[in-house]
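> attaching a predicted model along with its sequence, questions to come.
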Amino acid sequence: METRILGVGDLEISVLGLGTMLFGGVGWLAAFGSTPASEAAELVDIALERGVNLFDTADIYSDGASETMLGEIARGRRQRMLIATKCFGRTGPGVDDVGLSRRHILDACEASLRRLGIDCIDLYQVHSFDALVPLDETLEALTSLVRAGKVRAVGCSNHFAWELTRALHLADSQGYARYVSQQVQYSLLVRETETEILPAAIAQQVGTIVWGPLAGGYLSGKFQQAGGSGSRIDALGRLGSMDTPRARAVVARLGEIAAARSASPSQVAINWLLARPGVSSVLVGARSAGKLSDNHAAAEETLGTDEIAAVNACSAVPA
């Protein structure tokens with residue numbers, strides 16, 4: 001599988017990564033599904049066999065169970081895996097058990113290292129922007145983790161362009177560790193990312209890791225076939241707002257291109273993302289080995305100019 005350098009750094013990541021949000025599947029994540037330990041290990045092995053080396057989790061996924069499961073699976077496989085996790089979300093009842101204060105970042109990192117059973121996190125990401133904590137405090141804490149050898153590189157997630165560039169300016173001027181990546185929602189149904197967020201990252205040489213490439217599975221076309229019944233999007237009450245004429249046109253066009261290629265709509269949607277400027281890697285997750293293998297096949301596809309133009313036209317965001 002193709003690899004790309006993540007931003008300006010030494011992390012070389014596969015163009016597809018495995019998202020492990022469903023590992024454990026407890027609490028609010030239960031609506032999305034649950035992946036038990038035995039199946040999680042199978043998914044990791046399938047990913048490794050296809051050349052995937054990026055494995056993404058977070059401390060709030062299933063109250064830490066995702067990290068624990070991933071750490072157990074990583075034993076004996078660690079040299080082939082780049083492990084990325086995140087901090088920000090609430091991990092306890094205290095006032096310092098949430099956000100990006102120095103205390104929470106340091107405590108959260110230590111807890112993640114214990115659950116993962118590793119000495120160093122390859123990519124440590126702040127899960128969101130914290131307007132209640134001075135940015136200097138956040139960046140200084142992250143820098144101390146890098147200097148202590150507990151983190152190889154740092155990144156951000158779910159930031160606006162101004163939040164990203166402000167952090168980069170401060171890091172450059174004060175000598176803090178620089179974000180090498182941003183993790184953002186991006187798909188054929190969420191193209192607003194192209195307005196400022198992606199251009200800012202490209203200009204600042206920050207890699208982009210994509211989450212939600214299939215819009216919660218909508219772009220696979222399965223919701224139209226099943227009428228949304230029993231789907232996780234339907235269970236969350238989001239299908240009504242997502243199922244628009246524009247969205248249906250996108251799915252229809254994906255189906256046409258997929259049929260002509262003997263591929264799946266998911267493969268076409270993911271391949272479109274891999275060809276977008278600034279994208280370093282696309283996170284895919286699946287609850288079955290078959291679906292994961294199908295998604296991974298997207299790395300072997302290359303859309304033609306006419307196909308890309310057709311998909312761009314039907315998915316364009318109104319001015």
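Noted; the coordinates are in hand.

> so Glu42 sits against Gly290, correct?
No - under the criterion of CB atoms under 8 Å, Glu42 makes no contact with Gly290, lying 11.0 Å away. All C-beta spots, glycine's among them, are computed from the backbone N, C-alpha and C.

> what about the strands in the stretch 101-250 of the chain?
121-126, 151-157, 179-185, 207-211 (DSSP state E, counting those that start in this stretch).

> what about Glu42 and Gly290, which has more around it?
Glu42 (15 against 10; other CB atoms under 10 Å).

> figure out the helix or strand that the more buried one lives in.
Element membership of Glu42 [criterion: DSSP states H and E] is helix 37-49.

> list the buried residues in that helix.
Ala40, Ala41, Leu43, Val44, Ile46, Ala47, Leu48 (16 or more other CB atoms under 10 Å).

> now for it, which elements pack on it?
With contacts taken as 3 or more CB pairs under 8 Å, 6 or more residues apart in numbering; DSSP states H and E, helix 37-49 sits against strand 16-19, helix 65-74, helix 289-296.

> got a list of what Val126 touches?
Lys86, Cys87, Phe88, Leu100, Ile105, Thr138, Leu142, Val154, Gly155, Cys156, Ser157 (CB atoms under 8 Å, 6 or more residues apart in numbering).

> out of these, which are buried?
Buried among these (16+ other CB under 10 Å): Lys86, Cys87, Phe88, Leu100, Ile105, Thr138, Leu142, Val154, Gly155, Cys156, Ser157.

> what's the longest helix in the chain?
The single longest helix within the chain, with elements called by DSSP state H, is helix 245-261.

> how distant is the very next helix or strand once past that one from the center of its chain?
Scanning forward in sequence from helix 245-261 by DSSP H and E, the next helix or strand is helix 265-274. Distance of helix 265-274 from the chain centroid (CA atoms, centre = their mean, to the nearest Å) equals 15 Å.

> after helix 265-274 comes which helix or strand?
Beyond helix 265-274 toward the C-terminal end (DSSP H and E), the next one is strand 279-284.

> what bits of the stretch 51-200 of the chain have low per-residue confidence?
Low-confidence segments of the stretch 51-200 of the chain (pLDDT under 70): none present.

> so where do the helices sit in it?
Counting by DSSP state H, counting those that start in this stretch, the stretch 51-200 of the chain has helices at residues 65-74, 102-116, 135-147, 161-174, 197-203.

> excluding sequence neighbours, find me the nearest residue to the residue sitting nearest the centre point of the chain.
For the chain, the residue nearest the mean C-alpha position is Trp211 (3.6 Å; CA atoms, centre = their mean). Spatial nearest neighbour of Trp211, excluding adjacent residues (CB to CB, 6 or more residues apart in numbering): Leu283 at 5.1 Å.

> and that neighbour, bridged to which residues?
Beta-bridge pairing for Leu283 (DSSP bridges): Gly17.

> neighbours of it, how many?
For Leu283, the count of nearby residues is 20 (other CB under 10 Å).

> and for Asp96?
Asp96: 12 neighbours (other CB under 10 Å).

> need the contact list for it.
Taking CB under 8 Å, 6+ apart, one finds Arg103, His104, Asp107 in contact with Asp96.

> mind checking how far Glu196 is from Gln182?
12 Å (CB to CB, to the nearest Å).

> if you count surrounding residues, which of these two has more?
Shown here are Glu196 and Gln182; by other CB under 10 Å, Gln182 has more neighbours (29 against 14).

> beta partners of the more buried one?
Cys156, Thr208.

> so it touches Ala161, yeah?
No - assessed by CB under 8 Å, Gln182 is found out of contact with Ala161, at 9.4 Å.

> need the residues touching each of the two.
What both Gln182 and Ala161 touch, as defined by CB under 8 Å, 6+ apart, is the set Ile197, Ala201.

> quick revisit: redo the helices and strands packed on helix 37-49 as JSON lines? Include distance to Ala313.
Putting the helices and strands packed on helix 37-49 into JSON lines (distance: least, CB to CB, whole Å) gives the following:
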{"stretch": "strand 16-19", "distance to Ala313": "26"}
{"stretch": "helix 65-74", "distance to Ala313": "38"}
{"stretch": "helix 289-296", "distance to Ala313": "24"}
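
> list the contacts for the nearest residue to Arg78 once chain neighbours are set aside?
Residue nearest to Arg78 in three dimensions, not counting chain neighbours: Ile118, with 6.8 Å by CB to CB, 6+ apart. Contact analysis of Ile118 by CB under 8 Å, 6+ apart lists Gly71, Ala74, Arg78, Ile83.

> of those residues - the most surrounded one?
Neighbour max across those (other CB under 10 Å) = Ile83, 24 neighbours.

> show me what contacts that residue?
Ile83 touches Phe55, Thr57, Leu70, Ala74, Leu116, Ile118, Ile121, Asp122, Leu123, counting by CB under 8 Å, 6+ apart.

> state the pair within these that is farthest apart.
Ala74 and Leu123 (14.2 Å; CB to CB).

> how many residues are close by Gly175?
Gly175 has 11 nearby residues by other CB under 10 Å.
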